[in-house]
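**Q** no sequence on this one, just coordinates:
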């Protein structure tokens, strides 16, 4: 069984720092590949939906 302990400084992923993650950060996940850990996350720089496909570029 895997024993998981919550980090005392949760949350460890927060919005900010980069323009593309200013509004929100969520759904982090960790991948182990060749004995290295890689963390991926979903982010958004804005919560305003795109009106056209050009607005999102």
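**A** Perfect, thanks for sending it. No experiment lies behind these values; they were computed from the predicted model shown. Residues are numbered from 1 along each chain as shown.

**Q** so the residue positioned nearest the centre of the chain: helix, strand or coil?
**A** With distances taken as Cα atoms, centre = their mean, residue 41 lies nearest the centre of the chain, 2.8 Å away. Under DSSP: H, G, I helix; E, B strand; the rest coil, residue 41 falls in the strand class.

**Q** which residues are in contact with it?
**A** 13, 21, 25-29 (Cβ atoms under 8 Å, 6 or more residues apart in numbering). To be clear about C-beta, it is placed using only N, CA and C from the backbone, and glycine gets the same treatment.

**Q** with residue 47 instead?
**A** Contacts here follow Cβ under 8 Å, 6+ apart; on that basis residue 47 touches 23-24.

**Q** doesn't it fall inside a helix?
**A** No. Counting by three-state DSSP, one finds residue 47 to be coil, located in no helix.

**Q** still on that earlier bit, residue 50: which of the contacts of residue 41 is nearest?
**A** Nearest to residue 50 out of these is residue 21 (Cβ to Cβ; 17.0 Å).

**Q** surely that closest one meets residue 44?
**A** Yes. In this structure, residue 21 is within contact of residue 44 by Cβ atoms under 8 Å, at 7.2 Å.

**Q** of the two, who's got more company?
**A** residue 21 (17 against 14; other Cβ atoms under 10 Å).

**Q** tell me the contacts of the more buried one?
**A** Taking Cβ under 8 Å, 6+ apart, one finds 15, 41, 43-45 in contact with residue 21.

**Q** can you give me the pLDDT of it?
**A** Residue 21 is assigned a predicted lDDT (pLDDT) of 87.

**Q** need phi/psi at it.
**A** phi -130, psi 30 (degrees, to the nearest 10).

**Q** pull out the buried residues from stretch 12-32.
**A** Counting neighbours by 16 or more other Cβ atoms under 10 Å, one finds that the buried residues in stretch 12-32 are 21, 25.
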